[in-house]
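> fold the following and give me the result.
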Amino acid sequence: MTNHLWPLSPPQRSKIGNCISVQDKFALNNNDILQTVTLPQTNVFIMVTPSRILIYNLKPMAHVSSHERTGDSIREFGLNKSMTSSVTLDSAVEGLLSDKQINNSVWNQGKLVFYVMTDKNFLLTYQILKDSSNMTVFKAFGIPVVDLEKVDEEFEHEYDDSVDDDTLTVFEKNKSSKVIQNGYAITKEQGFLQFLSNNQENLDELPVKKLELRLKVVLKVDYQILDLYAFKRLSEVEEDKAEESLLVLFPHGLQLLTLVDFRLKSTSLVEITHGKRICINQGHLLVVSQDQTSDPYKVTMNHIDMAKQHVEMIPLEGTGTLLNCFTLKGNVAFASDDTITYYNPTTQQVTYRFQFPFTPKYCCGLNRSTILAVSQKNYIYFYTELGNLLFSNSLEDDNLENATVLDYSAFSYLDMTLIATSHTGEYELWNLWEQSTQNFSDTRSVSPYVLHNTNNDIAIYTPVGDSSLCRDGFQYIKLPTRTINNCVSLIKVNPNMKLTAIYVANKAILLLYNLETNMWYSFIDITILDMHWIGTSYLLCQIKKDDWSIGLHCFRLRLQDLDTSDIYKYSIWDYELPDSTRIQTIHVNTLSKYKSLKLKARDSDQSDKQEEKYFKTAEINVVTTNNQILRFAVISLIHPIGVNIIRKIYEHGRVNIPNNICSDKIEWLMNFRDGLLYFSENKLIKAVNVESEQWVFEVLLDHIEKIVDVYIDDIFLICNQKEEFYNMDDLWDKKPPLFSVTLDDDCYPISISPQTATVLGLRCIFHDYYAKFVVKHKIYLDELILTKMEQKVPADKIMTECRPVRYFNFALEKILSTKILENKPLDDIIQIIKLCDIPANYEGSLSKAHSDMLEIVSNCLRKTEIKHWNLLFTSLGMTPRDLLARCLEGNEAKILGVLLIVFLNYDAELVEDLRNNEIDKSEAKDQNGSTNSDGSNPDSSVVDLIRDQEMMLTVLRLLVTSAANTSDSTKAADSWDMCFQLIRLLKELDKENNTQLIQKALDMFE
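Here you go, the predicted model:
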């Protein structure tokens, strides 16, 4: 599922130290940071300048090592140009890396190696020695570099669980005092009082581990290096012998170099022309080529098998000069000018393409769901995978220049931290929020939107009305710890938004937090790979036990008074998987409509008891590695207070998935009708069982970026760059959506509120000194009503389905105003509006007969020009006098005042016409009776209305009575203001005092 990134705060800015020894001898900017690379397994990142290598510790931030090249080295080998690190691949690559080599090298990381390319085509080979393993980094610093699911007994000895004593000690220059001792900063002053007190400040700190940087060898290359990809693999002859492999792209081809002990062992070459970038994706070795002599630039994707020395060329449509190439969700994404194109190496097809509204100078993927782009003005943009804007620090006025932005040169990302470097030697550290995916496990309630960061903060938003979280902002939770090395891998909020389960993976702790009482409960020494709520009280967990077996456990957890000594005492069900079966994903769905079950009594005693009614309340689907779906049914009793009590969970079937379906890429799955509905690789697919073991698969929707929510019988999703709302039955039958609208650039949808028919969008307001979230509301009820009207749904049915929604009147008003401005027929919407005269059953006896219709019409008149009034009055079959008469009948003082202000003050020329008596009374009277029949101008009806002294006095009397009787000071002030406006207008119309209208009006105030 999606894991979008958002900025937590403005970045922290620093600058590398100046270097003058080499800079004086060469005309270069040695503070120009050319590139930055992160090494997660060592908790460091590297910066390269034209003559320096700088090593920084990430958690905590510290400069721990560097290498500065001499003048002789620069003259002989050239200046630094770019850098790449050697990686350990986690999947086999055709013709390059076998499954056996992958399995044996998962935990054999070896020494860390990276390569620096120079402008004279030399490769400077560096090695980092650091006495710590992946598990040490994972547990001590909370960096997610360990996949707990792949850990088993065979590799247990590879773990280094001991505390690493290889810490850093730093002395102040020309002094004997220590600045860092045992990895901790000691520059804080500690007096006598601080010494006596129990100072816990170090709980907020992490130790700095020392490392050693070595330049191992310099490799001479005879040709220009266009790109470089380095990886580790184990020797096929000596299984424990690690080899360094280099894929070097030259103008004439791709060459594989194998190094053992930094000495060349073997080499092979595949001829390729116009090569630009090397990519490894889904087990394929690819080279992106571009012929810039053609028009438009021709792009070719080269599939390479190094073992067979074979190249398969797939021509693609060119979109401009190639800027960068990276992998994203199984696709190869290459950015060209202002366009990003996705290529699937398995199907050998372009799957998607979108354009930026600007021409980026830099573009890369941060994680599997977020793309970073930098404009020519050095503004940073976060985009989703399908090109929808999440965040930007750009100014709203493009003509203004932001003096605070840097001249960015490179970016790298690690553990919710973005490192941005510049050509001036300055760099920034951006702390980010990351979305924690919430599975749609309960279709009877809306799903929350959850974010978390590395500062122990969790932010939760939900639009549920009866929840303690219901607000326009986020509720923020702080983990009950002061340590900052927590790797939070799972956050699940239960459907009623009262209990949150949080799993801290590197400390093997499950935390339960009561959102109403602010109580914490912790269960220690438990390894959870995945977890889902079943209803409000049951937590289903995929657990790895001490014997390395994996099973499913369902725990019943109450809101308070939990015994945290042993979580298994709350287990009501467990399921052990065979050793040969591994779980890919788990999908839980609480049914929107419970299915009643009939059970037979087992003996006569039970038959005497009151028969208990059992319901199928939920379903569990477990996708396994052997291409099967295990299907479980949850049987429950429904307590009178509405709580489900699970009585049994049993397996009721299995589905064999065809080999052409990638089961590991199924992100969401539910049973529907006589088949399955699942989301995989940005597609929504239905599977129908036609025979006992035969399934037919059909793609319902493609280019789906995100499922926002699944509620009752509806599904709301983001498809391409639109937000679409489907009924599940319509979607299954491939019918059009209930509505589809283009996304706004200023907010990204995060949730829906079915009770108010509102889409909730998130916007990040970013300034130099702060960043904050704002939740924006967008009503979609009008789109829903329009769709039903186009489908010829009867007006009374639309009223029944939509009138209970809070913004129903506003939606009708919006539709009416839009149709008037577009000069479209109003018959269908007027028919619905007139039904608003009928009191709804749910409103009770206090509902007013005409208030809804009058309010809609008055607000519509207020927002439209006078030239459009005739269309409205003609369609209504009413005159302005009729509207005022209905207000008087229903004592609608507020609506009456709005109508008067609209009629009398909308056009200044109308008042002048009345005063000059340009319109004859008798003519106006005749027109008043024929407004609806002949479609004459409504101005004459308004004139006739003003001439009616009794009507005006009745209106004024209602306004005065309303102002005098109301107990609300604000409403009273509004009513009195309307009274005086009406008197001033009447005086303006009767300056010659030909009538007693003004005097009678003033007498009403005595």
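
> how close does residue 615 sit to residue 440?
As defined by C-beta to C-beta, to the nearest Å, residue 615 lies at a distance of 20 Å from residue 440. Heads up, the C-betas are built off the backbone N, CA and C, glycines and all.

> what about these two, which has more around it?
residue 440 (22 against 18; other C-beta atoms under 10 Å).

> that one reaches residue 447, doesn't it?
Yes - under the criterion of C-beta atoms under 8 Å, residue 440 lies in contact with residue 447, with a separation of 5.6 Å.

> which neighbours do those two have in common?
Contact with both residue 440 and residue 447 is made by residues 709, 710, according to C-beta atoms under 8 Å, 6 or more residues apart in numbering.

> and the strands in the stretch 51-200 of the chain, which stretches?
In the stretch 51-200 of the chain, the strands defined using DSSP state E, counting those that start in this stretch lie at 52-57, 62-68, 80-88, 112-118, 122-129, 170-171, 178-181, 184-185.

> give me the mean pLDDT for the last one.
Spelled out, that is strand 184-185. Rounded to a whole number, the mean pLDDT of strand 184-185 is 59.

> and if you look at the longest one?
For strand 80-88, the mean per-residue pLDDT is 92.

> identify each buried residue in stretch 41-57, please.
41-57 (16 or more other C-beta atoms under 10 Å).

> again with stretch 541-552
When burial is assessed from 16+ other C-beta under 10 Å, stretch 541-552 yields the following buried residues: 541, 542, 543, 544, 550, 552.

> so of those residues, which ones are in strands?
With strands defined by DSSP state E, the entries of those inside them are 541, 542, 543, 544, 550, 552.

> got TSV for these, with pLDDT and distance to residue 255 too?
Putting those into TSV (pLDDT from 0 to 100; distance: C-beta to C-beta, whole Å) gives the following:
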residue	pLDDT	distance to residue 255
541	96	49
542	95	44
543	94	47
544	91	43
550	90	43
552	95	49
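
> nearest to residue 886 among those residues?
Using C-beta to C-beta, residue 541 is the member of those that lies nearest residue 886, at 62.0 Å.

> list the contacts of the closest one.
For residue 541, the contacting residues are 528, 530, 531, 552, 553, 554, 555, by C-beta under 8 Å, 6+ apart.

> ok, the residues you listed vs residue 408, which is closest?
Proximity of these to residue 408 (C-beta to C-beta) peaks at residue 530, which lies at 37.6 Å.

> ok, now how distant is the closest one from residue 583?
8 Å.

> who touches both of the two?
The contact lists of residue 530 and residue 583 share residue 542, where a contact means C-beta under 8 Å, 6+ apart.

> next one: the longest strand along the chain to chain centre, how far?
Counting by DSSP E, the longest strand found in the chain is strand 583-597. Once both centres are worked out by C-alpha atoms, centre = their mean, to the nearest Å, strand 583-597 turns out to sit 24 Å from its chain's centre.

> how about stretch 868-888?
Shown here is stretch 868-888, whose average C-alpha point lies 47 Å from the average C-alpha point of the whole chain (C-alpha atoms, centre = their mean).

> ditto for stretch 745-765
Centroid displacement of stretch 745-765 relative to its chain, using C-alpha atoms, centre = their mean, is 11 Å.

> likewise stretch 756-774?
13 Å.

> swap in stretch 651-666?
27 Å.

> I'd like to know how far residue 567 sits from residue 553.
Shown here: residue 567 relative to residue 553, a distance of 8 Å by C-beta to C-beta.

> any regions of the stretch 51-200 of the chain where pLDDT drops low?
Within the stretch 51-200 of the chain, the set of residues satisfying pLDDT under 70 comprises 103-110, 152-200.

> quickly list the domain ranges of the protein.
Under the assignment named as the TED database, the residue ranges that make up the domains of the chain are 1-21+356-432, 31-147+181-191+204-271, 279-354, 437-598+613-655, 657-743.

> nearest to residue 860, of those?
Among the domains of the chain, the nearest to residue 860 by C-beta to C-beta is domain 657-743 (21.5 Å).

> for the closest one, give the mean pLDDT please.
Mean pLDDT, domain 657-743: 88.

> start and end of it, how far apart?
35 Å (C-alpha to C-alpha, to the nearest Å).

> my read is that residue 215 contacts residue 124, right?
Yes - in this structure residue 215 lies within contact range of residue 124 using C-beta under 8 Å: 6.3 Å.

> neighbour count: these two, which is higher?
Per other C-beta under 10 Å, whichever of residue 215 and residue 124 has more neighbours is residue 124, with 23 against 14.

> for the more buried one, what are its contacts?
Contacts of residue 124 (C-beta under 8 Å, 6+ apart): 77, 80, 115, 116, 117, 118, 215, 218.

> of these, grab the buried ones for PyMOL.
Buried subset of the contacts of residue 124, written as a PyMOL selection, criterion 16+ other C-beta under 10 Å:
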select buried, resi 77+80+115+116+117+118
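
> check which helix or strand covers residue 378.
No secondary structure element spans residue 378, as it lies outside all helices and strands (assigned by DSSP states H and E).

> residue 364: which element?
For residue 364, the enclosing helix or strand under DSSP H and E is strand 362-365.

> and that strand, what does it pack onto?
For strand 362-365, the helices and strands in contact under the criterion 3 or more C-beta pairs under 8 Å, 6 or more residues apart in numbering; DSSP states H and E are strand 322-328, strand 370-374, strand 408-414.

> save the domains of the chain as TSV, and put in distance to residue 807 too.
Converted to TSV, those look like this (distance: least, C-beta to C-beta, whole Å):
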stretch	distance to residue 807
domain 1-21+356-432	25
domain 31-147+181-191+204-271	43
domain 279-354	32
domain 437-598+613-655	13
domain 657-743	15
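
> before we move on, back to that, return the most buried member of the helices and strands packed on strand 362-365.
Each of those was given a mean neighbour count from mean count of other C-beta atoms under 10 Å, and the largest, a mean of 23, is that of strand 370-374.

> that one pairs with which strands?
Paired neighbours of strand 370-374 in the sheet (DSSP bridges): strand 362-365 (antiparallel), strand 380-384 (antiparallel).

> out of the ones you listed, which is the most enclosed?
Once neighbours are counted as mean count of other C-beta under 10 Å, the most buried of the strands paired with strand 370-374 proves to be strand 380-384, having a mean of 22.

> tilt between it and strand 408-414?
Interaxial angle, strand 380-384 versus strand 408-414 (axes from the mean of the first three to the mean of the last three C-alpha atoms, to 10 degrees): 50 degrees.

> off-centre distance for strand 380-384?
The mean C-alpha position of strand 380-384 is separated from the chain mean by 12 Å, C-alpha atoms, centre = their mean.

> again with stretch 685-704
Its chain's C-alpha centre lies 27 Å from the corresponding centre of stretch 685-704 when counted by C-alpha atoms, centre = their mean.
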